[in-house]
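[1] here you go, sequence then predicted model.
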Amino acid sequence: MVHAGATIPFGGKSNCRNVTSISPNIIYTHQRDFKQLNIGAYIKHGIVTAGVWWRTEDAFILTFGIDAGTFRFGYSYDLTISELTNVTGGSHELSLGFNFPCKGPQTNYRTLVSPSF
């Protein structure tokens, strides 16, 4: 599996929660005879994220999410475009994520003794 992506901010400078950004991504999966390519992008503004993906020859995936600080809520819908359309009709997915605070690196300064005059 290979996954590559980037986050590209645009608009004016602002605090992190209000920056608008676009995030293109690609995922390639290969296992024995199975190969799959997903290409998509997210757009984020403030706490809201929306995106669209294309999964080769199979489905379009629509996503929507809210980042509420400690919690992240998401919804996605797989719109099947293959012959499975009549069988599955697509699928829904809900997700809940937790953002754990990240402690910054601790800085330990060595005390220097200087002579007093």
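    Looks like it arrived, so ask away.

[2] use CA for all of it now, contacts and neighbours both
    Noted.

[3] doesn't residue 23 make contact with residue 50?
    No. In terms of C-alpha atoms under 8 Å, residue 50 does not count as a neighbour of residue 23; the distance is 10.3 Å.

[4] which neighbours do those two have in common?
    Listed contacts common to residue 50 and residue 23 are 42, 43; contacts here mean C-alpha atoms under 8 Å, 6 or more residues apart in numbering.

[5] okay, those two: which has more neighbours?
    Remark: of residue 50 and residue 23, residue 50 carries more neighbours, 18 against 15, as counted by other C-alpha atoms under 10 Å.

[6] beta partners for the more buried one?
    As for beta bridges, residue 50 partners with residue 43, residue 64 under DSSP bridges.

[7] do residue 93 as well
    Following DSSP bridges, residue 93 is listed with bridge partners residue 76.

[8] need the pLDDT of it.
    If you check residue 93, the pLDDT there is 94.

[9] residue 109 belongs to a strand?
    No. The assignment for residue 109 by DSSP: H, G, I helix; E, B strand; the rest coil gives coil, which leaves it out of any strand.

[10] quick one: contacts for it?
    For residue 109, no residue counts as a contact, taking C-alpha under 8 Å, 6+ apart as the criterion.

[11] start the count at 47, not 1, going forward
    Understood, numbering begins at 47; the last thing we discussed is residue 155.

[12] quick one: it from residue 149, how far?
    18 Å (C-alpha to C-alpha, to the nearest Å).

[13] what of residue 49?
    For residue 49, the distance to residue 149 equals 27 Å [C-alpha to C-alpha].

[14] looking at those two, which is more packed in?
    A side-by-side neighbour count of residue 49 and residue 149, using other C-alpha under 10 Å, places residue 49 first with 10 against 6.

[15] how about the contacts made by the closest residue in space to the more buried one that isn't next to it in sequence?
    With C-alpha to C-alpha, 6 or more residues apart in numbering as the measure, residue 73 is the residue that lies nearest to residue 49, at 4.4 Å, once sequence neighbours are left out. Shown here is residue 73, whose contacts under the criterion C-alpha under 8 Å, 6+ apart are 47, 48, 49, 50, 83, 84, 85.

[16] ok, and what's touching stretch 136-149?
    Outside stretch 136-149, the residues within contact range by C-alpha under 8 Å, 6+ apart are 115, 116, 117, 118, 119, 120, 121, 122, 123, 124, 125, 126.
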